[in-house]
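[1] Below: sequence and its predicted model.
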Amino acid sequence: MNTTDSKPRMVGINHVALEVGSIDAALEFYVAIFDFTLRGRAPGMAFIDMGDQFLALSEGRTQPPDSHRHFGLVVDHREPIRKALEKLGAEILPGRGLDFLDPWGNHIQVVEYANIQFTKATHILRGMQLEKLGKNDQALEELRRKHMAPPQTDGGS
């Protein structure tokens with residue numbers, strides 16, 4: 001149902017904002033883990049580019065560390081992240097995936113692009129120099145069930 005009288009539909013997430021104690025310390029922490037471009041800065045804010053989305057860092061943590069509240073960050077591959085977190089002495093949470101707390105208690109769940117439904121448009125991946133990223137069979141099947149799978153090519157996904 002998609003009429004002019006229907007409720008607006010959620011299309012995606014433009015950004016997530018994380019409260020941190022210090023912008024400079026947060027940038028130092030995250031650059032030790034991830035390869036990223038700084039989109040920009042404003043007083044008390046920094047914006048980490050993720051193609052057509054971004055992560056906003058906001059100075060001034062006002063709440064205790066997160067426990068269940070978290071966000072899932074999609075990456076091209078996650079094993080190097082675990083190594084970087086271990087080297088930093090960051091708190092890696094127990095479980096079968098890769099969840100960690102940043103120094104301000106933000107709970108981040110790291111998932112690989114190949115394993116989930118989330119899909120970037122081909123032109124966005126190309127602009128991010130990630131055009132070779134694909135999906136595993138399980139993720140493709142989930143997308144097919146929703147009629148959202150990318151077109152088949154001679155190489156599969």
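    Received the coordinates, thanks. Numbering: from 1, shown residues only.

[2] Return the residues in contact with the residue nearest to the spatial centre of the chain.
    Nearest to the centroid of the C-alpha atoms of the chain, with distances taken as C-alpha atoms, centre = their mean, sits residue 73, at 2.4 Å. For residue 73, the contacting residues are 55, 108-111, by C-beta atoms under 8 Å, 6 or more residues apart in numbering. Bear in mind the C-beta positions are built from the backbone N, C-alpha and C, glycine included.

[3] Tell me which stretches of the chain form helices.
    Using DSSP state H, the helices assigned to the chain run over residues 23-31, 79-88, 122-127, 137-145.

[4] Quick check: which of the ones you listed is buried the most?
    When the helices of the chain are scored by mean count of other C-beta atoms under 10 Å, the highest mean neighbour count falls to helix 23-31 (a mean of 16).

[5] Run the angle between that one and helix 79-88 for me.
    Between the axis of helix 23-31 and that of helix 79-88 there is an angle of 130 degrees, by axes from the mean of the first three to the mean of the last three C-alpha atoms, to 10 degrees.
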